[in-house]
Structures are given as C-alpha cells and as structure tokens.
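>>> 3D model of this:
(2 chains)
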Protein chains: 2
Amino acid sequence: MSPPRVPRVVIVGCGFGGLAAVRALSKAAVEITLVDRTNHHLFQPLLYQVATAGLSAPAVSAPIRHTLRKEMKRGNLTILQAEVTGIDAPARHVTLDDGQALPFDHLIVAAGATHSYFGHDDWAVHAPGLKTLADAFNIRARVIGAFERAERCAEPAAREPWLTFVVIGAGPTGVEMAGTMSEIAQHTLAREFRRIDTRHTRVVLIEGSDRVLGGFVPSLSAKAQTQLRKLNVDVRVGCKVTGIDADGVTYESRSSPAPGAVEGSAAVQQHRLPSKTVIWAAGVAASPLGRALAASAGAALDRAGRVVVQPDLSLAGHPHVSVIGDLASAMSHPRGPGRGEPKPVPGVSPGAKQMGRAAARNVLARIQGRATEPFRYADYGNLATIGRKAAVVDLAVPVFGALRFSGFLAWLFWLFAHIYFLIGFRNRLYVLIDWAWAYWTYERHARVVAQPATAARGDRPAL
Amino acid sequence: MSPPRVPRVVIVGCGFGGLAAVRALSKAAVEITLVDRTNHHLFQPLLYQVATAGLSAPAVSAPIRHTLRKEMKRGNLTILQAEVTGIDAPARHVTLDDGQALPFDHLIVAAGATHSYFGHDDWAVHAPGLKTLADAFNIRARVIGAFERAERCAEPAAREPWLTFVVIGAGPTGVEMAGTMSEIAQHTLAREFRRIDTRHTRVVLIEGSDRVLGGFVPSLSAKAQTQLRKLNVDVRVGCKVTGIDADGVTYESRSSPAPGAVEGSAAVQQHRLPSKTVIWAAGVAASPLGRALAASAGAALDRAGRVVVQPDLSLAGHPHVSVIGDLASAMSHPRGPGRGEPKPVPGVSPGAKQMGRAAARNVLARIQGRATEPFRYADYGNLATIGRKAAVVDLAVPVFGALRFSGFLAWLFWLFAHIYFLIGFRNRLYVLIDWAWAYWTYERHARVVAQPATAARGDRPAL
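The predicted structure is shown next:
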C-alpha cells in the first residue's frame, strides 16, 4: 500500500496575504506552490516613496525567494514566477501563461487589486495609478521630468501646465502623494533651476466626497486637510472628475458657490485645470482573476469586482478554494453571541495578513477533517501620513478604546510603525538611514530617471 | 556703451568629462549651458553592479542638479535635460530635440560612447550592452529572469540554455560581469530554487584576442584568467563571434586544437553555444554627434567614430569647438623636449576628467587671448575587479615606477578607490554598507525586477 499523497496547496500572489498564507502552511505536511507575476514581495504602504524619489525600489521590495529562504529549506515549497491566466475550480487546476496546468487540492487566491478608472480606461495613459514598482517608476519619471520640461520652456506661460500637478483621490495614497510632491517643489528642488522657481508649483488634490481620508473619523480628516493646506496643497473636495487628457483635467464641483454668491445658487460648475502631470489615486478594482472565479466556480462579485466569500473565506460550493486580501469581499465575524454584527474587512495590509493566516488554518482544518472557523478581523487602527512631520493616527487600543492624534508625534508613530513592519532587517536599516538623511537635508536621493529625455510621455519609462 | 557680452559656453554631456568642464568653468565670467539627455550623472565604473543586482540605481548615479548645486548658486549655469540632435560649428549653435537652437561662443562636446556591434545591429536585441541605467535594468531583468525561467521548465533539457550565460568581450566590464554572474549562481541564489541547482550554471566569457584584460600587462591578464577560472567562469580566448540569435551564440575558434589532436591541425572551428542570456561587452562606438561634427566642421573620425582632435582638444579649423572624453580620439603630449612621443589617451574616467579640465582651461585661455596648452594625460594606473576578493591593479607611481599586484589586496584597493571617487558622500556611505553587507552574506539586495513575468524578452523592461 502506497503512502497517502501529500495535499497540494497552490497560492496565487505574494502580497501581504499570500506571504502570510505560505508562512502559516510551511511547517505542515502539505506541498505548497506559490505563483507570482513578479520576483518580489512589495511593501505597498511605502510605494509612494519610490514614486516621489525618496526611496529606491530595493528599499521597499524584497526578492520572494530571499524572503522565503527559511521556508524553502523545509523542502515542501516551490516558487514560480508566472502569471495565472485561468482557474478551473471544479477540475482543481490553475493555468499559467505558458499553458502549463498546475493541479491543486486546495487553492488560496490572493491576487490583489489594480486601478479602476470607472469605465474611462482611456484616462489610464494620462493619469497613471500606483500599484507596482513599474507604476512608481513611471510616476517618478513624470514628476521629475515635468520640472525639467518647465525649465526648457522659452515662454513663461507654457511652463504653467508643467508646474501644475493634479492628484485625483484623497485616500491615504493620494494624500501622501500630494503632500510629498509639494514638499519636493517647496524644498528639494528649490534653487536647483535657473528659469523657473519650483516654489510656484501648484499641487491640486481633487476628491469626490466631502472630505479627505474618508476612512478616518471626520475630526482627523479635518486635521489632515489643515496639514495639507500648510504644505501648500490646493485641496478641492466635492469635485467629480469628468475628463482627463494630455493637457489637463476637467471636473465639476457640486457644492462650491463662488464667494459672495447668493446662498443656494450652487449649481454644478464645470472647471478646467491645465496640467501635464496627473496621478490617479481614486479607484481600485479587483484582479481579473475574480472574473475567472465567477466563471469557473459561480462566485458572486461585488461592485468593485471582488469575490464574495463565506465566513471562513472559502467560496460557496467550493470549500477547497479560498480568496483573501484585496480580491476578497470578506466580513469580520465577531466571536461569541452578543458581540455585534459582521463588519466588512477593510482593504489594508493587516487585513490581508490576517486573512492569509486564517485561510491557511482553515485549509489545515479541512485536511484534518476539523471544522473551519469564521474569519475575525482584529482592527488595531489606521494611520496615514501627509508629508514631512505630519500624520494622523487612529488607534484601537484594547479596553481603553480609540486613541487619536495628529501632527509631529503622529508622524513619528507612523514612521516607526512602517519601519517595524517593513520586510527584512536590511530594508528597515536602509529606510531609516534614508529618512534620517531626508529629514535633515530635504534631499531625495532616488531622483534619477533612467528614461532618456526624448521618450514619449505615456510610454512606460525604463526606470 | 553697453558692457561686453559674457561669452556663452555650451557643454554637451554630463559624464566625467562634461562635469569636470562645468566645474572648472563655473567661477569664470562665462555663461554656461549644460545639456544632457538624462537627469543624472552616472558613475559608470560601478554600473555593472546595478546590472548584477548588487547596487540600486540611486547608489551609482546622482541628479545632475544636485551634484552641481554649488555651481548653480553662482548664477551663471543653466542645465537642460534635452537631446542634442545637431551641431552647426560655423554658425555656432547646437540644435535640441524640440528644434530649439542654442547659440554658443565656445562648445565642449562630451557626448561619450555607445555600443558597437561591428555592423551586426541585429545582435543588439539578443545581446544588450551596458552603458546606461536602462541597459543595467534590462540586463538585471534578463539575468534574474533566466533562473526563474529555468525553474519553470518541466523538461530538464530545456533548462540548460536558461542556465548558460555568455559574456562577449573580456575587457574590464566583461570580466566584472562574468565574475559577478558566476558568484550569483554559486552563492547568492544557491538553495533558493527547488527544481534547479543554480550551482550548475555555466558562465562563458568569449574574447577575440588571445587574453583577457588586453589593456593590462600580460602577467596581470594571466592572473585575472586564473581568478576567473577559480570563480567557475569558462574563459574562451581567441574566439570570434559570428552570430547571435534568440537561442545562443555561434563563434569560431582560431587556435584551439582538440586535446590530443595533431599539432598544427588547428583550423578554424565552428562552435554553437545554446544560451538565452548573452551580454555584449565587446565593442564601443563614439556618439553619433561625432558624425554631426564631421559633417558640420569637417572633423576627421577614427575607425570607432571618435573625433580626431588637435593637441589642445579643439577641432582643426574650429578652435571654438572642443571634443573630450570617449568621443575624442586624443593624444597625450608629454611636457618638455625629450619626454617621449605623444600617446593615445585611454578611454577611462580619469582621462575624461582631465580632458574636461584641460578643455575648460583652454576655453578661458582663448577668451583671455592667451595661448592654449596641449593636453597631457597623467596616468595613475589601471584597476579591474574580477569578483568577490579578486582584482588586478597596475599603478604608475611617480619615481618608483609600476606597482602591480592582484588578489585580495588588489580587491580592497579597487574597492576603496571606487568608493573614494564615487559621486557624493551619500552614495559612498551607501555603497560601503551595501558591500560590507554583501561581503558577509553574499546577498544582493537589488534583485527586484519591476517587469512582469509575461513581458516579451527583447522589449525594454520596466525596471
């Protein structure tokens, strides 16, 4: 009699969720295959620093094989750099970009999210979003390049669109980008040009809802907005973008009567903002693998394309398939009776990590014939930084309740929290040195752009 | 009566030569315009470290505006990121890529060199060279990606071309690349894969002449060759490449009879080396601006397209135009009678720096109506590294004569010399930490590749 076959677990994606799942499974008697499109795990909360030339790419990302070198030694992990192009849930295999079929007994899909332009995919070329290292290099090249283009303009009037930067969407990424871009213009580049004064740069932050950082309580949103204005960011809330092209942004304001106008005369107003550099930080859509799961396993998708999962993170009718992280529309289920209603899990890295560990535990429960557990999200709070020396912090402290603060102390807290959670001792050391340096000098060392000056805008640049 | 106009000096290129010229001119009563295609000065001697994932791009390059921030404060320097598309020497202006004409009274052209495939431009897509940051990222993506592709192969036989790396040309860059690639396979990546053993990787170094490092004395070449063999590099001298395609390299050996063959039977033998990763380190061609100078000013070009200059680095018949660095075919003129014949200036960074300073002095001499001086190259020696702990050093010590050594001490010397000459204190600190780290751990932190797995090979990758 041959020994029973070791169960095969395939994990798609090595973000926070996939990485946590691999680690939670690696000591078990399972055969793990991890598939990722890239060769690195990306610490996305600091990606905006790569886009704004504060950090180099290797400081916020780590080779997957190096990150998982200890797990690799256990002999039950295979890592493949490949794109998953299809999932067949009933037949239990995923298809790779080279046509190879990868069979599984259990599948954890952690393929994450991408940008959504709300049906306006033609905006993508003019307003890049920030999800990958390639995105960050693209944005870095545009931002740094815009000042260079302004310096080249013979006509002062022609410089203005190059010195106007528009960020669309005032969530954490949009706020970080706008604050940092303003800092670059006010400090880093000041006095480095001859024909332009970078301190006259305009950074405009456009937000559809009525406040910035909508995921935070209104009092912290108000503090963030004050901080942004101090940093010279022109914040425009309640504005809906209706068009983006190579020369700027068109938007309508829903509730901003001109000063002195008759109260109640605030109709919808059309605005045009000439700008050569627009950053998209507004919409997120789930990975296309969500649609693959809908087709193959009849999974329900929410409005953003995320896969609606069972309380234990598996698919209804397909308990051997789990979906976690930004691709999942998951609920947090309080333990015990009378502990409240299930609440949606927010799309943040602690959520993805916790789902990764929970999905791994449930895979092992199924293998061992035990009951799975519903997922419960432990919320430790929410942080966002606005620029040098400013941040907002909303901590959920057990027993004590909410602890909210902003300003310099919040910024220090944000800084050390991010360094603490960064992948690998080495990256932590580097980011710490980089930030200490930048703090004293305002210098941003990663301002180099590999793209030649003549490369067409809209093309993906080489660095 | 209006005051006399300040002479306008245009400098094209911000490599070692152009940067030295700007610095030498910045305190003079001249109006300087520096034009470069990129936004950074590149420390090319360490570029191979970016290509082999040992250093990040910002560690070996510095924003030009930041590097020249002190000179900028003097108020007579304009920096433009632009491509020079034409030079009109008699009319005294250069043309930029946007059609703008930039007038000059004096011009210093320091546009450097590019790869030459000796008429086989179709090889470029299969065998990238190493001159720019974009080149380095391209090579990094191919080298790191090849191991990933090998791991994905189901058939062991299909893995071999992915695990065979060919470097063509055994000058300093080729030797550095081959040695470091072997180190990566033997140490950095060992034990990080499941299906392949990276220690079975083949690194082949093909050289047309009969020894490696032809710029050094034969005894140091022999030492370098021994070091390369110790590093598991398969060195093949006296071999001429006749074809490169997507699947490998074809070459002929001119003088390698099979072991045991009859002496004198060494006819030309054809060889085929299946490989998916080929690096070109063989040929250098001057910038196309050399041809522009030939057309506009009747400049003579040498076989590599370099501009033949007068003893004072100016063009014959056009004393207001100087050519320096890798674009110049210049001679070093010993001072005083009986000090020997003029000798060609080698294409190394000290040569470019010294030419930059000399051309600047001669521009000032012309402005002040003084006689120009012939250029004399001060040769302090030659260094090349082979890999971890191995290098060759050939120093020209005044009075003492030549001081030659190799091995670990040479490697330490090479290391500190490179760190000393690196641009900016910050970069020095970083490279020192990176190397100290790599020395103890064999880890290469910059292994991240922004390119998705499905990007077509031959395309320029995004990181």
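
>>> what are the ranges of the helices in chain A?
According to DSSP state H, chain A carries its helices in the segments A:16-25, A:47-51, A:57-60, A:64-67, A:69-72, A:133-152, A:156-159, A:172-183, A:218-230, A:289-297, A:349-367, A:408-421, A:425-441.

>>> For the stretch 151-300 of chain A, what lies in contact range of chain B?
For the stretch 151-300 of chain A, the residues in contact with chain B (CB under 8 Å from any CB of the partner chain) are A:151-152, A:154, A:189, A:191-195. Backbone N, C-alpha and C define where each C-beta goes, glycine included.

>>> Can you tell me which of those lies closest to A:Leu80?
A:Leu189 (42.6 Å; CB to CB).

>>> hmm, back to that, redo the helices of chain A as a markdown table? Include mean pLDDT, mean neighbour count and distance to B:Val321.
Listed next are the helices of chain A as a markdown table, based on pLDDT from 0 to 100; neighbours: other CB atoms under 10 Å in any protein chain shown; distance: least, CB to CB, whole Å:
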| stretch | mean pLDDT | mean neighbour count | distance to B:Val321 |
| --- | --- | --- | --- |
| helix A:16-25 | 98 | 26 | 58 |
| helix A:47-51 | 93 | 25 | 41 |
| helix A:57-60 | 90 | 27 | 40 |
| helix A:64-67 | 94 | 23 | 51 |
| helix A:69-72 | 94 | 15 | 56 |
| helix A:133-152 | 95 | 23 | 23 |
| helix A:156-159 | 92 | 12 | 31 |
| helix A:172-183 | 95 | 26 | 41 |
| helix A:218-230 | 95 | 18 | 51 |
| helix A:289-297 | 95 | 20 | 60 |
| helix A:349-367 | 97 | 23 | 58 |
| helix A:408-421 | 88 | 16 | 52 |
| helix A:425-441 | 77 | 16 | 39 |
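
>>> Touching, A:Leu163 and A:Thr201? I think so.
Yes: contact criterion CB atoms under 8 Å: A:Leu163 and A:Thr201 qualify, at 4.8 Å.

>>> and for those two, which residues touch both?
Between them, A:Leu163 and A:Thr201 share these contacting residues under CB atoms under 8 Å, 6 or more residues apart in numbering or on different chains: A:Ala185.

>>> So which of the residues of the stretch 151-300 of chain A next to chain B sits lowest on pLDDT?
When those are compared on pLDDT, A:Ala154 comes out lowest, with 84.

>>> who touches that one in this structure?
B:Gln100.

>>> Can I get stretch A:394-408 in PDB? Just the C-alpha atoms.
C-alpha atoms of stretch A:394-408 as PDB (Å, rounded to 0.1, in the frame of the first residue of the first chain):
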ATOM      1  CA  ASP A 394      -6.400  56.400  14.900                       C
ATOM      2  CA  LEU A 395      -5.500  53.500  17.200                       C
ATOM      3  CA  ALA A 396      -8.000  50.900  18.600                       C
ATOM      4  CA  VAL A 397      -6.500  50.200  22.000                       C
ATOM      5  CA  PRO A 398      -8.000  47.200  23.800                       C
ATOM      6  CA  VAL A 399     -10.100  48.200  26.800                       C
ATOM      7  CA  PHE A 400      -9.000  51.800  26.600                       C
ATOM      8  CA  GLY A 401     -10.900  52.500  23.300                       C
ATOM      9  CA  ALA A 402      -9.900  54.800  20.500                       C
ATOM     10  CA  LEU A 403      -6.700  56.800  20.700                       C
ATOM     11  CA  ARG A 404      -6.500  59.600  18.100                       C
ATOM     12  CA  PHE A 405      -3.700  62.100  17.500                       C
ATOM     13  CA  SER A 406      -2.200  64.000  14.600                       C
ATOM     14  CA  GLY A 407       0.900  66.200  13.900                       C
ATOM     15  CA  PHE A 408       4.500  65.500  14.600                       C
END
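
>>> Would you indicate which residues of that stretch are buried?
For stretch A:394-408, burial by neighbour count (16 or more other CB atoms under 10 Å in any protein chain shown) applies to A:394-395, A:404, A:406-407.

>>> Need the distance between the two termini of stretch A:111-127.
Stretch A:111-127 stretches 23 Å from its first residue to its last (CA to CA, to the nearest Å).

>>> Test my guess that A:Ile79 contacts B:Arg195.
No: proximity of A:Ile79 to B:Arg195 does not meet the contact threshold set by CB under 8 Å, at 10.2 Å.

>>> could I get the residues of the stretch 151-300 of chain A next to chain B as CSV with distance to B:Leu55?
CSV is the format used below for those (distance: CB to CB, whole Å):
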residue, distance to B:Leu55
A:Glu151, 29
A:Arg152, 31
A:Ala154, 38
A:Leu189, 25
A:Arg191, 29
A:Glu192, 25
A:Phe193, 29
A:Arg194, 31
A:Arg195, 34
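
>>> Taking these, tell me the two that lie furthest apart.
Maximum pairwise distance in those, criterion CB to CB, is 21.5 Å, between A:Ala154 and A:Arg191.

>>> where does the stretch 1-150 of chain A dip in pLDDT?
Judged by pLDDT under 70, the stretch 1-150 of chain A has its weakly predicted residues at A:1-3.

>>> go on, the stretch 251-400 of chain A?
Using pLDDT under 70 as the threshold, the predicted model of the stretch 251-400 of chain A has low-confidence ranges A:255-266.

>>> Show me where it has its strands.
A:269-274, A:277-280, A:284-286, A:307-308, A:314-315, A:318-323, A:328-329, A:331-332, A:343-344, A:381-387, A:390-397 (DSSP state E, counting those that start in this stretch).

>>> Nearest to B:Ser287, out of the ones you listed?
Ranking the strands of the stretch 251-400 of chain A by distance to B:Ser287, with CB to CB as the measure, places strand A:277-280 first at 30.4 Å.

>>> how distant is that closest one from the center of its chain?
The chain centroid and the centroid of strand A:277-280 are separated by 15 Å under CA atoms, centre = their mean, to the nearest Å.

>>> Partner strands of it, with direction?
strand A:164-168 (parallel) (DSSP bridges).

>>> who touches the partner strand?
Here strand A:164-168 makes contact (CB under 8 Å, 6+ apart) with A:127, A:143, A:146, A:174, A:177-178, A:181, A:185, A:201-206, A:241, A:244, A:248-249, A:273-282.

>>> I'd like to know which of these are buried.
Among these, those buried by neighbour count (16+ other CB under 10 Å) are A:127, A:143, A:146, A:174, A:177-178, A:181, A:185, A:201-206, A:241, A:244, A:248-249, A:273, A:275-282.

>>> For A:Arg37, give its distance to B:Ile11.
A:Arg37 sits 43 Å away from B:Ile11, going by CB to CB, to the nearest Å.

>>> of those two, who's got more company?
When neighbours are counted by other CB atoms under 10 Å in any protein chain shown, A:Arg37 and B:Ile11 differ, and B:Ile11 comes out ahead with 31 against 20.

>>> Look up which residues are beta-bridged to the more buried one.
Here B:Ile11, judged by DSSP bridges, has bridge partners B:Leu34, B:Ile108.

>>> Do I have it right that it meets B:Leu34?
Yes: judged on CB under 8 Å, B:Ile11 makes contact with B:Leu34 at a distance of 4.9 Å.

>>> shared neighbours of these two, which are they?
Between them, B:Ile11 and B:Leu34 share these contacting residues under CB under 8 Å, 6+ apart: B:18, B:22.

>>> A:Ala365 contacts A:Ala371, doesn't it?
Yes: the pair A:Ala365 and A:Ala371 qualifies as a contact (CB under 8 Å) at a distance of 6.5 Å.

>>> Got phi/psi on the nearest residue to A:Gly171 once chain neighbours are set aside?
Nearest in space to A:Gly171, with sequence neighbours left out and distances taken as CB to CB, 6 or more residues apart in numbering or on different chains, is A:Ala281 at 6.3 Å. Dihedral angles phi and psi of A:Ala281 (degrees, to the nearest 10) take the values phi -130, psi 30.

>>> which residues sit in contact with A:Ala281?
Per CB under 8 Å, 6+ apart, neighbours of A:Ala281: A:129-130, A:167-171, A:173-174, A:177.
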